[in-house]
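*Asks:* Got a sequence here, can you build the structure:
(one chain, ligands or ions: 1)
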Amino acid sequence: MERIHKIVAQLLKGEFPEKEGLKELLSFPTHPAWEVLKQAARHVRKRYYGTDVYIRGLIEFTNICKNDCYYCGIRKSNQKAERYRLTLKQVLSCCKTGYRLGFRTFVLQGGEDGYFTDEKLCLYVAQIRKRYPDCAITLSVGERSRESYQKLFDAGANRYLLRHETANSGHYAKLHPSELTLKHRMQCLSDLKQIGFQTGCGFMVGSPFQTLDNLIEDLEFLVQFQPEMVGIGPFIPHCDTPFADEPAGTLEMMVNLLSIIRLLLPKVLLPATTALGTIDPNGRELGILAGANVVMPNLSPIAVRKKYLLYNNKISTGAEAAESLADLKQRMERIGYQVVTSRGDYPKE
Ligand code: SAM
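*Replies:* Have a look, this model is predicted:
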(Lines give C-alpha, C1' and ligand atoms only; values in the text may rest on other atoms or scores of the structure.)
Protein backbone atom coordinates (compact mmCIF):
# COMPACT_ATOMS: atom_id res chain seq x y z
CA MET A 1 0.00 0.00 0.00
CA GLU A 2 3.02 2.22 0.65
CA ARG A 3 3.76 1.75 -3.03
CA ILE A 4 0.30 2.99 -4.05
CA HIS A 5 0.84 6.23 -2.13
CA LYS A 6 4.07 6.77 -4.03
CA ILE A 7 2.29 6.21 -7.36
CA VAL A 8 -0.47 8.64 -6.46
CA ALA A 9 2.14 11.26 -5.51
CA GLN A 10 3.91 10.78 -8.85
CA LEU A 11 0.67 11.05 -10.83
CA LEU A 12 -0.33 14.17 -8.95
CA LYS A 13 2.92 15.73 -10.13
CA GLY A 14 2.12 14.64 -13.70
CA GLU A 15 5.04 12.21 -13.72
CA PHE A 16 4.87 8.79 -15.31
CA PRO A 17 4.75 6.46 -12.29
CA GLU A 18 6.93 3.51 -11.50
CA LYS A 19 5.46 0.60 -13.46
CA GLU A 20 5.09 -2.16 -10.85
CA GLY A 21 3.34 0.24 -8.51
CA LEU A 22 1.03 1.47 -11.29
CA LYS A 23 0.18 -2.12 -12.09
CA GLU A 24 -0.71 -2.73 -8.45
CA LEU A 25 -2.92 0.36 -8.40
CA LEU A 26 -4.66 -0.66 -11.63
CA SER A 27 -5.37 -4.07 -10.15
CA PHE A 28 -7.50 -2.43 -7.40
CA PRO A 29 -9.99 -0.42 -9.47
CA THR A 30 -12.05 0.56 -6.43
CA HIS A 31 -9.12 1.55 -4.19
CA PRO A 32 -9.79 4.88 -2.38
CA ALA A 33 -6.70 6.35 -4.07
CA TRP A 34 -8.73 6.58 -7.28
CA GLU A 35 -11.00 9.16 -5.67
CA VAL A 36 -7.95 11.35 -4.96
CA LEU A 37 -6.76 10.92 -8.56
CA LYS A 38 -10.19 11.73 -9.97
CA GLN A 39 -10.39 14.97 -8.00
CA ALA A 40 -6.89 15.92 -9.13
CA ALA A 41 -7.83 15.15 -12.75
CA ARG A 42 -10.87 17.45 -12.47
CA HIS A 43 -8.65 20.16 -11.04
CA VAL A 44 -6.12 19.85 -13.88
CA ARG A 45 -8.85 19.89 -16.55
CA LYS A 46 -10.26 23.08 -15.02
CA ARG A 47 -6.87 24.77 -15.40
CA TYR A 48 -7.17 24.65 -19.21
CA TYR A 49 -10.86 24.23 -19.87
CA GLY A 50 -12.75 25.53 -16.83
CA THR A 51 -16.07 23.73 -16.73
CA ASP A 52 -16.61 23.87 -20.51
CA VAL A 53 -17.67 20.73 -22.34
CA TYR A 54 -16.99 20.69 -26.08
CA ILE A 55 -19.43 18.95 -28.37
CA ARG A 56 -18.57 17.25 -31.66
CA GLY A 57 -21.22 16.24 -34.19
CA LEU A 58 -20.50 12.67 -35.18
CA ILE A 59 -21.48 11.73 -38.73
CA GLU A 60 -21.07 8.01 -39.35
CA PHE A 61 -21.00 8.29 -43.11
CA THR A 62 -20.20 4.73 -44.23
CA ASN A 63 -20.25 1.34 -42.54
CA ILE A 64 -18.61 -0.40 -45.50
CA CYS A 65 -15.17 -1.68 -44.50
CA LYS A 66 -12.46 -3.74 -46.16
CA ASN A 67 -10.94 -4.71 -42.81
CA ASP A 68 -11.78 -7.66 -40.62
CA CYS A 69 -10.88 -6.53 -37.09
CA TYR A 70 -12.04 -9.34 -34.80
CA TYR A 71 -13.83 -7.02 -32.36
CA CYS A 72 -15.78 -4.81 -34.76
CA GLY A 73 -19.42 -5.21 -35.75
CA ILE A 74 -18.88 -3.62 -39.19
CA ARG A 75 -15.95 -5.93 -40.09
CA LYS A 76 -16.13 -7.11 -43.67
CA SER A 77 -16.98 -10.73 -42.74
CA ASN A 78 -20.12 -9.74 -40.90
CA GLN A 79 -22.66 -10.62 -43.56
CA LYS A 80 -25.51 -9.61 -41.29
CA ALA A 81 -24.46 -5.94 -41.21
CA GLU A 82 -26.77 -3.86 -43.38
CA ARG A 83 -24.37 -1.68 -45.34
CA TYR A 84 -24.87 1.99 -46.22
CA ARG A 85 -22.96 4.98 -47.45
CA LEU A 86 -24.15 8.61 -47.15
CA THR A 87 -24.17 10.85 -50.20
CA LEU A 88 -22.50 14.26 -50.10
CA LYS A 89 -25.96 15.79 -49.97
CA GLN A 90 -26.87 13.72 -46.92
CA VAL A 91 -23.62 14.64 -45.14
CA LEU A 92 -24.14 18.33 -45.86
CA SER A 93 -27.65 18.11 -44.53
CA CYS A 94 -26.28 16.59 -41.27
CA CYS A 95 -23.85 19.52 -41.02
CA LYS A 96 -26.66 22.00 -41.60
CA THR A 97 -28.70 20.51 -38.77
CA GLY A 98 -25.61 20.36 -36.57
CA TYR A 99 -24.57 23.94 -37.21
CA ARG A 100 -28.05 25.14 -36.29
CA LEU A 101 -27.87 23.17 -33.04
CA GLY A 102 -24.54 24.80 -32.12
CA PHE A 103 -21.97 22.26 -33.31
CA ARG A 104 -18.69 23.78 -34.55
CA THR A 105 -16.87 20.50 -35.12
CA PHE A 106 -18.02 17.80 -37.51
CA VAL A 107 -16.49 14.36 -37.19
CA LEU A 108 -16.74 12.18 -40.28
CA GLN A 109 -16.23 8.60 -39.20
CA GLY A 110 -16.48 5.47 -41.26
CA GLY A 111 -15.14 2.08 -42.21
CA GLU A 112 -12.30 1.82 -44.72
CA ASP A 113 -14.60 2.04 -47.70
CA GLY A 114 -12.83 1.76 -51.08
CA TYR A 115 -15.45 4.00 -52.68
CA PHE A 116 -13.85 6.94 -50.89
CA THR A 117 -10.85 7.57 -53.09
CA ASP A 118 -8.86 10.70 -52.25
CA GLU A 119 -10.81 12.58 -54.86
CA LYS A 120 -14.22 11.64 -53.43
CA LEU A 121 -13.31 12.16 -49.79
CA CYS A 122 -11.58 15.47 -50.54
CA LEU A 123 -14.75 16.60 -52.26
CA TYR A 124 -16.78 15.89 -49.09
CA VAL A 125 -14.21 17.75 -46.96
CA ALA A 126 -13.92 20.71 -49.34
CA GLN A 127 -17.68 21.15 -49.57
CA ILE A 128 -18.03 21.21 -45.78
CA ARG A 129 -15.06 23.58 -45.50
CA LYS A 130 -16.63 25.95 -48.07
CA ARG A 131 -19.96 26.11 -46.25
CA TYR A 132 -18.63 26.16 -42.69
CA PRO A 133 -15.35 28.11 -42.62
CA ASP A 134 -15.65 28.60 -38.86
CA CYS A 135 -15.93 24.89 -38.07
CA ALA A 136 -13.34 22.18 -37.44
CA ILE A 137 -13.49 19.07 -39.59
CA THR A 138 -12.30 15.86 -37.99
CA LEU A 139 -11.79 12.69 -39.98
CA SER A 140 -11.74 9.12 -38.66
CA VAL A 141 -11.47 6.90 -41.69
CA GLY A 142 -8.61 4.58 -40.83
CA GLU A 143 -5.26 3.92 -42.46
CA ARG A 144 -4.35 5.74 -45.68
CA SER A 145 -1.13 6.81 -47.37
CA ARG A 146 0.74 9.91 -46.30
CA GLU A 147 -0.11 11.51 -49.67
CA SER A 148 -3.76 10.85 -49.05
CA TYR A 149 -3.64 12.39 -45.56
CA GLN A 150 -1.86 15.43 -47.03
CA LYS A 151 -4.59 15.87 -49.66
CA LEU A 152 -7.30 15.67 -47.01
CA PHE A 153 -5.48 18.24 -44.89
CA ASP A 154 -5.11 20.54 -47.89
CA ALA A 155 -8.82 20.12 -48.66
CA GLY A 156 -9.61 21.58 -45.24
CA ALA A 157 -9.60 18.80 -42.61
CA ASN A 158 -8.05 19.84 -39.29
CA ARG A 159 -8.12 16.83 -37.02
CA TYR A 160 -7.77 13.06 -37.40
CA LEU A 161 -8.74 10.29 -35.01
CA LEU A 162 -6.94 6.98 -35.40
CA ARG A 163 -6.89 4.85 -32.29
CA HIS A 164 -3.70 2.85 -32.06
CA GLU A 165 -5.90 0.14 -30.42
CA THR A 166 -2.98 -1.32 -28.40
CA ALA A 167 0.70 -0.37 -28.23
CA ASN A 168 1.79 -4.00 -27.96
CA SER A 169 2.34 -5.72 -31.30
CA GLY A 170 1.61 -9.22 -29.88
CA HIS A 171 -1.70 -7.97 -28.51
CA TYR A 172 -2.40 -6.12 -31.78
CA ALA A 173 -2.01 -9.43 -33.64
CA LYS A 174 -4.61 -11.06 -31.40
CA LEU A 175 -7.17 -8.37 -32.27
CA HIS A 176 -6.54 -8.12 -36.02
CA PRO A 177 -5.86 -10.35 -39.02
CA SER A 178 -2.22 -10.50 -40.15
CA GLU A 179 -2.56 -7.92 -42.95
CA LEU A 180 -3.13 -5.24 -40.31
CA THR A 181 -0.02 -4.35 -38.32
CA LEU A 182 0.75 -2.07 -35.42
CA LYS A 183 3.80 -0.83 -37.30
CA HIS A 184 1.66 0.53 -40.13
CA ARG A 185 -0.89 2.03 -37.74
CA MET A 186 1.91 3.83 -35.90
CA GLN A 187 3.36 5.05 -39.20
CA CYS A 188 -0.03 6.55 -40.07
CA LEU A 189 -0.19 8.32 -36.70
CA SER A 190 3.25 9.78 -37.16
CA ASP A 191 2.41 10.92 -40.73
CA LEU A 192 -0.77 12.61 -39.50
CA LYS A 193 1.07 14.49 -36.78
CA GLN A 194 3.85 15.60 -39.12
CA ILE A 195 1.35 16.89 -41.67
CA GLY A 196 -0.15 19.12 -39.00
CA PHE A 197 -3.40 17.44 -38.04
CA GLN A 198 -4.50 17.67 -34.42
CA THR A 199 -4.09 13.94 -33.98
CA GLY A 200 -5.97 11.51 -31.78
CA CYS A 201 -4.96 8.01 -30.79
CA GLY A 202 -6.49 5.69 -28.21
CA PHE A 203 -7.56 2.20 -27.31
CA MET A 204 -10.36 0.02 -26.02
CA VAL A 205 -10.41 -0.72 -22.32
CA GLY A 206 -10.92 -4.41 -21.55
CA SER A 207 -10.31 -5.63 -25.09
CA PRO A 208 -9.82 -9.40 -25.31
CA PHE A 209 -6.35 -10.59 -24.17
CA GLN A 210 -5.49 -7.14 -22.77
CA THR A 211 -3.24 -7.30 -19.70
CA LEU A 212 -2.40 -4.59 -17.18
CA ASP A 213 1.08 -4.49 -18.72
CA ASN A 214 -0.55 -3.74 -22.08
CA LEU A 215 -2.45 -0.83 -20.55
CA ILE A 216 0.77 0.53 -19.09
CA GLU A 217 2.36 0.29 -22.55
CA ASP A 218 -0.62 2.23 -23.94
CA LEU A 219 -0.10 4.97 -21.36
CA GLU A 220 3.62 5.09 -22.11
CA PHE A 221 2.85 5.44 -25.79
CA LEU A 222 0.46 8.33 -25.12
CA VAL A 223 3.12 10.19 -23.18
CA GLN A 224 5.70 9.59 -25.86
CA PHE A 225 3.42 10.50 -28.80
CA GLN A 226 1.80 13.55 -27.13
CA PRO A 227 -1.49 13.41 -29.07
CA GLU A 228 -3.86 16.36 -29.05
CA MET A 229 -6.82 13.99 -28.55
CA VAL A 230 -7.21 10.60 -26.89
CA GLY A 231 -10.23 8.38 -27.52
CA ILE A 232 -10.71 5.51 -25.11
CA GLY A 233 -13.84 3.44 -24.64
CA PRO A 234 -14.75 0.11 -23.15
CA PHE A 235 -14.62 -2.92 -25.44
CA ILE A 236 -18.21 -4.15 -25.86
CA PRO A 237 -18.86 -7.47 -27.61
CA HIS A 238 -20.83 -7.71 -30.84
CA CYS A 239 -22.76 -10.94 -31.33
CA ASP A 240 -21.68 -11.46 -34.97
CA THR A 241 -17.91 -11.21 -34.40
CA PRO A 242 -15.30 -13.74 -33.23
CA PHE A 243 -15.29 -11.96 -29.83
CA ALA A 244 -19.06 -12.36 -29.30
CA ASP A 245 -18.61 -14.17 -25.97
CA GLU A 246 -15.86 -11.98 -24.51
CA PRO A 247 -16.71 -9.81 -21.50
CA ALA A 248 -17.06 -6.04 -21.87
CA GLY A 249 -14.62 -3.56 -20.31
CA THR A 250 -15.67 -2.17 -16.93
CA LEU A 251 -16.87 1.28 -15.95
CA GLU A 252 -14.37 1.53 -13.07
CA MET A 253 -11.36 0.79 -15.22
CA MET A 254 -12.57 3.22 -17.89
CA VAL A 255 -13.09 6.09 -15.49
CA ASN A 256 -9.77 5.42 -13.70
CA LEU A 257 -7.90 5.50 -17.00
CA LEU A 258 -9.55 8.78 -18.01
CA SER A 259 -8.21 10.32 -14.80
CA ILE A 260 -4.69 8.99 -15.34
CA ILE A 261 -4.70 10.26 -18.94
CA ARG A 262 -5.82 13.71 -17.84
CA LEU A 263 -3.03 13.84 -15.26
CA LEU A 264 -0.38 12.67 -17.73
CA LEU A 265 -1.60 14.87 -20.62
CA PRO A 266 -3.19 17.91 -18.94
CA LYS A 267 -4.25 19.71 -22.13
CA VAL A 268 -5.54 16.71 -24.06
CA LEU A 269 -9.00 16.74 -25.67
CA LEU A 270 -10.57 13.73 -24.01
CA PRO A 271 -14.07 12.52 -24.91
CA ALA A 272 -16.49 10.66 -22.69
CA THR A 273 -17.30 8.27 -25.53
CA THR A 274 -20.54 6.69 -26.75
CA ALA A 275 -19.28 3.28 -25.61
CA LEU A 276 -18.91 4.66 -22.08
CA GLY A 277 -22.50 5.93 -22.25
CA THR A 278 -23.53 2.48 -23.47
CA ILE A 279 -22.15 0.49 -20.52
CA ASP A 280 -23.68 2.86 -17.98
CA PRO A 281 -26.61 5.29 -18.33
CA ASN A 282 -24.51 7.91 -16.47
CA GLY A 283 -21.30 6.97 -18.25
CA ARG A 284 -20.80 10.32 -19.92
CA GLU A 285 -21.30 12.25 -16.67
CA LEU A 286 -18.91 9.93 -14.83
CA GLY A 287 -16.40 10.40 -17.64
CA ILE A 288 -16.60 14.20 -17.40
CA LEU A 289 -16.24 13.99 -13.62
CA ALA A 290 -13.09 11.90 -14.12
CA GLY A 291 -11.41 14.52 -16.33
CA ALA A 292 -12.96 14.16 -19.81
CA ASN A 293 -13.94 17.40 -21.59
CA VAL A 294 -15.61 16.35 -24.87
CA VAL A 295 -18.83 14.56 -25.86
CA MET A 296 -19.69 13.48 -29.38
CA PRO A 297 -23.46 13.31 -29.98
CA ASN A 298 -24.66 11.47 -33.04
CA LEU A 299 -25.60 13.66 -36.02
CA SER A 300 -26.03 10.82 -38.53
CA PRO A 301 -29.45 10.49 -40.20
CA ILE A 302 -31.69 8.61 -37.77
CA ALA A 303 -32.45 5.95 -40.43
CA VAL A 304 -28.84 4.73 -40.52
CA ARG A 305 -27.87 4.98 -36.84
CA LYS A 306 -28.78 1.42 -35.99
CA LYS A 307 -26.67 0.21 -38.90
CA TYR A 308 -23.41 1.64 -37.59
CA LEU A 309 -23.35 -1.06 -34.95
CA LEU A 310 -19.76 -1.52 -33.78
CA TYR A 311 -20.97 -3.39 -30.68
CA ASN A 312 -24.26 -4.56 -29.21
CA ASN A 313 -26.75 -2.15 -27.60
CA LYS A 314 -24.93 0.94 -28.90
CA ILE A 315 -26.92 3.97 -27.80
CA SER A 316 -28.03 6.50 -30.41
CA THR A 317 -30.98 8.25 -28.82
CA GLY A 318 -31.49 10.38 -25.69
CA ALA A 319 -28.47 12.42 -24.63
CA GLU A 320 -26.43 10.58 -27.24
CA ALA A 321 -28.40 12.10 -30.10
CA ALA A 322 -27.63 15.54 -31.47
CA GLU A 323 -31.32 16.38 -31.63
CA SER A 324 -31.55 15.86 -27.85
CA LEU A 325 -28.89 18.41 -27.09
CA ALA A 326 -31.13 20.05 -24.50
CA ASP A 327 -31.07 16.81 -22.51
CA LEU A 328 -27.28 16.60 -22.73
CA LYS A 329 -26.95 20.24 -21.66
CA GLN A 330 -29.13 19.59 -18.62
CA ARG A 331 -27.13 16.52 -17.67
CA MET A 332 -23.91 18.48 -17.84
CA GLU A 333 -25.37 21.40 -15.88
CA ARG A 334 -26.54 19.02 -13.17
CA ILE A 335 -22.93 18.02 -12.52
CA GLY A 336 -21.60 21.60 -12.70
CA TYR A 337 -20.40 21.80 -16.32
CA GLN A 338 -21.73 23.53 -19.42
CA VAL A 339 -21.87 22.61 -23.10
CA VAL A 340 -20.31 25.38 -25.22
CA THR A 341 -20.67 26.39 -28.86
CA SER A 342 -17.06 26.53 -29.92
CA ARG A 343 -14.58 24.73 -32.16
CA GLY A 344 -12.78 23.56 -29.04
CA ASP A 345 -9.27 23.32 -30.44
CA TYR A 346 -6.24 22.03 -28.59
CA PRO A 347 -4.87 24.98 -26.60
CA LYS A 348 -1.70 26.44 -28.08
CA GLU A 349 -0.32 27.65 -24.75
N1 SAM B 1 -12.19 2.70 -39.60
C2 SAM B 1 -11.73 3.74 -38.76
C3 SAM B 1 -10.54 3.29 -37.94
O4 SAM B 1 -10.11 2.16 -38.09
O5 SAM B 1 -10.02 4.09 -37.17
C6 SAM B 1 -12.79 4.34 -37.87
C7 SAM B 1 -13.95 3.50 -37.53
S8 SAM B 1 -13.63 2.30 -36.27
C9 SAM B 1 -15.14 1.40 -36.28
C10 SAM B 1 -13.69 3.30 -34.79
C11 SAM B 1 -13.30 2.65 -33.47
O12 SAM B 1 -14.36 1.83 -32.99
C13 SAM B 1 -12.12 1.72 -33.48
O14 SAM B 1 -10.92 2.44 -33.41
C15 SAM B 1 -12.36 0.83 -32.26
O16 SAM B 1 -11.53 1.16 -31.16
C17 SAM B 1 -13.84 1.07 -31.93
N18 SAM B 1 -14.58 -0.20 -31.86
C19 SAM B 1 -14.77 -1.11 -32.83
N20 SAM B 1 -15.41 -2.20 -32.35
C21 SAM B 1 -15.63 -1.97 -31.03
C22 SAM B 1 -16.21 -2.74 -29.98
N23 SAM B 1 -16.69 -3.96 -30.20
N24 SAM B 1 -16.28 -2.19 -28.75
C25 SAM B 1 -15.79 -0.95 -28.52
N26 SAM B 1 -15.21 -0.18 -29.46
C27 SAM B 1 -15.12 -0.70 -30.71
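
*Asks:* For residue 38, the count of nearby residues, please.
*Replies:* Here the number of neighbours of residue 38 (other CB atoms under 10 Å) works out to 21. For the C-beta atoms, the positions are set from N, CA and C on the backbone; glycine is no exception.

*Asks:* backbone phi and psi for it, please?
*Replies:* With angles defined as degrees, to the nearest 10, residue 38 sits at phi -60, psi -40.

*Asks:* Could you do residue 160 as well?
*Replies:* Here residue 160 shows phi and psi, under degrees, to the nearest 10, equal to phi -140, psi 130.

*Asks:* just residue 181 next, same as before
*Replies:* phi -130, psi 150.

*Asks:* Surely it touches residue 169?
*Replies:* Yes - counting by CB atoms under 8 Å, residue 169 is a contact partner of residue 181 at 7.4 Å.

*Asks:* And stretch 236-256, what's buried?
*Replies:* For stretch 236-256, the buried set under the neighbour-count rule, 16 or more other CB atoms under 10 Å, comprises 236-238, 241-243, 246, 248-249, 251, 253-256.

*Asks:* do the longest strand anywhere in the chain and the ligand meet?
*Replies:* Longest strand in the chain, counting residues (DSSP state E): strand 198-205. Yes - using CB under 6 Å from any ligand atom, strand 198-205 reaches the ligand at residue 204.

*Asks:* Show me what that strand is packed against.
*Replies:* Contacts defined by 3 or more CB pairs under 8 Å, 6 or more residues apart in numbering; DSSP states H and E place strand 198-205 against strand 159-161, helix 182-195, helix 212-225, strand 229-234, helix 251-264.

*Asks:* I'd like to know which of the ones you listed lies nearest to residue 71.
*Replies:* Nearest of these to residue 71, taken as CB to CB: strand 229-234 at 11.4 Å.

*Asks:* Determine how far that closest one lies from the middle of the whole chain.
*Replies:* Averaging C-alpha positions (CA atoms, centre = their mean, to the nearest Å) puts strand 229-234 4 Å from its chain's average.

*Asks:* separation between the most centrally placed residue in the chain and residue 301?
*Replies:* Centroid-nearest residue in the chain: residue 231, 2.7 Å away (criterion: CA atoms, centre = their mean). Separation of residue 231 from residue 301 (CB to CB, to the nearest Å): 23 Å.

*Asks:* cool, and residue 30?
*Replies:* 41 Å.

*Asks:* Out of the two, name the residue with the larger neighbour count.
*Replies:* Taking neighbours as other CB under 10 Å, residue 30 and residue 301 compare with residue 301 leading, 17 against 9.

*Asks:* Wait, the more buried one touches residue 92, no?
*Replies:* No - using CB under 8 Å, residue 301 is not in contact with residue 92; the gap is 11.8 Å.

*Asks:* and residue 47, how many neighbours does it have?
*Replies:* Residue 47 has 9 nearby residues by other CB under 10 Å.

*Asks:* Oops, could you answer that again for residue 336 instead?
*Replies:* Neighbour tally, residue 336, other CB under 10 Å: 10.

*Asks:* which residues in the stretch 1-150 of the chain form strands?
*Replies:* Assigned by DSSP state E, counting those that start in this stretch, the stretch 1-150 of the chain shows strands spanning 52-55, 57-62, 105-110, 136-140.

*Asks:* from the middle of its chain, how far away would the third one be?
*Replies:* Here the centre of mass of C-alpha atoms in strand 105-110, compared against the chain's by CA atoms, centre = their mean, lies 11 Å away.

*Asks:* ok, now the second one?
*Replies:* Centroid separation for strand 57-62 versus its chain: 13 Å, with CA atoms, centre = their mean.

*Asks:* same question, stretch 111-128
*Replies:* 21 Å.

*Asks:* can you tell if that stretch touches the ligand?
*Replies:* Yes - Stretch 111-128 reaches the ligand (CB under 6 Å from any ligand atom) through 111-112.

*Asks:* Count residues in the vicinity of the residue nearest to residue 215 when sequence neighbours are not counted, would you?
*Replies:* Using CB to CB, 6 or more residues apart in numbering and skipping the chain neighbours, the partner closest in space to residue 215 is residue 26 (6.4 Å). Neighbours of residue 26 under the rule other CB under 10 Å: 20.

*Asks:* Residues of the stretch 51-200 of the chain that sit close to the ligand?
*Replies:* 71-72, 109, 111-112, 140-142, 162-163, 165.

*Asks:* still on that earlier bit, so who does the residue nearest to the centre of the chain touch?
*Replies:* Residues near residue 231 by CB atoms under 8 Å, 6 or more residues apart in numbering: 161, 163, 200-202, 271, 273.

*Asks:* redo that, cut-off 6 Å
*Replies:* The neighbourhood of residue 231, defined by CB atoms under 6 Å, 6 or more residues apart in numbering, consists of 161, 163, 200, 202, 271.

*Asks:* Quickly list what it is bridged to.
*Replies:* residue 202 (DSSP bridges).

*Asks:* quick revisit: can you tell me which of the buried residues of stretch 236-256 comes closest to residue 14?
*Replies:* residue 256 (16.6 Å).
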